[in-house]
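Peer 1: Quick one, fold the following:
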Amino acid sequence: MTPFASWQDVVAAALVGDRLWYKAPLDRVARCVRVLRVYRNGKIKIGAWSSDMDPFTADAGHLERFGKKS
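Peer 2: Numbering: from 1, shown residues only. Now for the predicted structure:
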């Protein structure tokens, strides 16, 4: 997983529908998440493709947890 350089890169990828990968603090590996909504204030709502993760809103404080497959 390649990390994003800035939060704006994460939001831009979410807006065009790129696959985002998220590694939660207690997870061993990152998993692909789906973007449910991109808010005007720059936050994004994400959820898992399965039912094993509750949707939540992420902001710039979560930058180091997001990445893309290289």
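Peer 1: A strand includes residue 25, no?
Peer 2: No: looking at residue 25 with DSSP: H, G, I helix; E, B strand; the rest coil, it is coil, so not inside a strand.
Peer 1: Angles on the backbone of the spatially closest residue to it that is not a sequence neighbour, please.
Peer 2: Spatial nearest neighbour of residue 25, excluding adjacent residues (Cβ to Cβ, 6 or more residues apart in numbering): residue 65 at 7.6 Å. Quick note: C-beta positions are derived from backbone N, CA and C, even for glycine. Phi and psi for residue 65, reported as degrees, to the nearest 10, are phi -90, psi -10.
Peer 1: Then the one 4 residues further on?
Peer 2: Taking degrees, to the nearest 10, you get phi -70, psi 140 for the backbone angles of residue 69.
Peer 1: Listing partners with orientation, what would you give for the longest strand anywhere in the chain?
Peer 2: Among the segments of the chain that qualify as a strand by DSSP state E, the longest is strand 31-38. Within its sheet, and counting by DSSP bridges, strand 31-38 is paired with strand 20-22 (antiparallel), strand 44-48 (antiparallel).
Peer 1: returning to what we had before: the residue nearest to residue 25 is in contact with residue 21, isn't it?
Peer 2: No: counting by Cβ atoms under 8 Å, residue 65 does not reach residue 21; the two are 9.1 Å apart.
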